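Q: Make a model of this:
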Amino acid sequence: MAEEHRRDDEQREGQFDPQINAAREAAENKINRIIDDFAKKVPGGEQFKEKAKDMAGGALNMVQDEARKRSGGILGQAGNVLSRLFGGSRSER
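A: Just a heads-up that it's a prediction; the model follows:
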């Protein structure tokens, strides 16, 4: 599941995507280590650790998608401001 999401990520590269992807990867690695450690301590935990990792990956997908939406909105707003400052609106030209 996480691998499919990463392939989608590579197809939708935006200006902030490298930072978003790096943050997601760091979080995913840390969460997976925590799940592994916890699964070792809980009787029978090993059998559920992959499902827990998949569920955590789904939560990270939602956070990553929201970050992408917001970063795209920031760029769009910045473009509008720069356009007004330096070039006016297209209808004025």
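
Q: Pull the contacting residues for residue 63.
A: By C-beta atoms under 8 Å, 6 or more residues apart in numbering, the residues touching residue 63 are residue 24. For the C-beta atoms, the positions are set from N, CA and C on the backbone; glycine is no exception.

Q: swap the cut-off to 10 Å and go again
A: 20, 23, 24, 27 (C-beta atoms under 10 Å, 6 or more residues apart in numbering).

Q: out of these, who's nearest residue 52?
A: residue 27 (14.6 Å; C-beta to C-beta).

Q: Tell me the confidence at that closest one?
A: Reported pLDDT at residue 27 in the predicted model: 96.

Q: can you check residue 73 too?
A: At residue 73, pLDDT is 62.

Q: so where's this structure shaky on pLDDT?
A: Under the criterion pLDDT under 70, the flagged ranges of the chain are 1-14, 73-83, 88-93.

Q: Okay, strands next: where are they in it?
A: Counting by DSSP state E, the chain has no strands at all.

Q: In it, which helix is the longest?
A: helix 49-86 (DSSP state H).

Q: re the thing from before, columns neighbour count and distance to residue 63 on top of the contacts of residue 63, output as JSON lines?
A: Formatted as JSON lines, the contacts of residue 63 follow (neighbours: other C-beta atoms under 10 Å; distance: C-beta to C-beta, whole Å):
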{"residue": "20", "neighbour count": "19", "distance to residue 63": "9"}
{"residue": "23", "neighbour count": "15", "distance to residue 63": "9"}
{"residue": "24", "neighbour count": "21", "distance to residue 63": "8"}
{"residue": "27", "neighbour count": "15", "distance to residue 63": "8"}
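
Q: Tell me the one of those residues nearest residue 72?
A: Each of the contacts of residue 63 was checked against residue 72 using C-beta to C-beta; the closest is residue 20, at 10.8 Å.

Q: measure the residue nearest to the closest one when sequence neighbours are not counted to residue 27 for me?
A: Closest residue to residue 20 apart from its sequence neighbours, by C-beta to C-beta, 6 or more residues apart in numbering: residue 67 at 4.9 Å. Distance, residue 67 to residue 27, by C-beta to C-beta, to the nearest Å: 11 Å.
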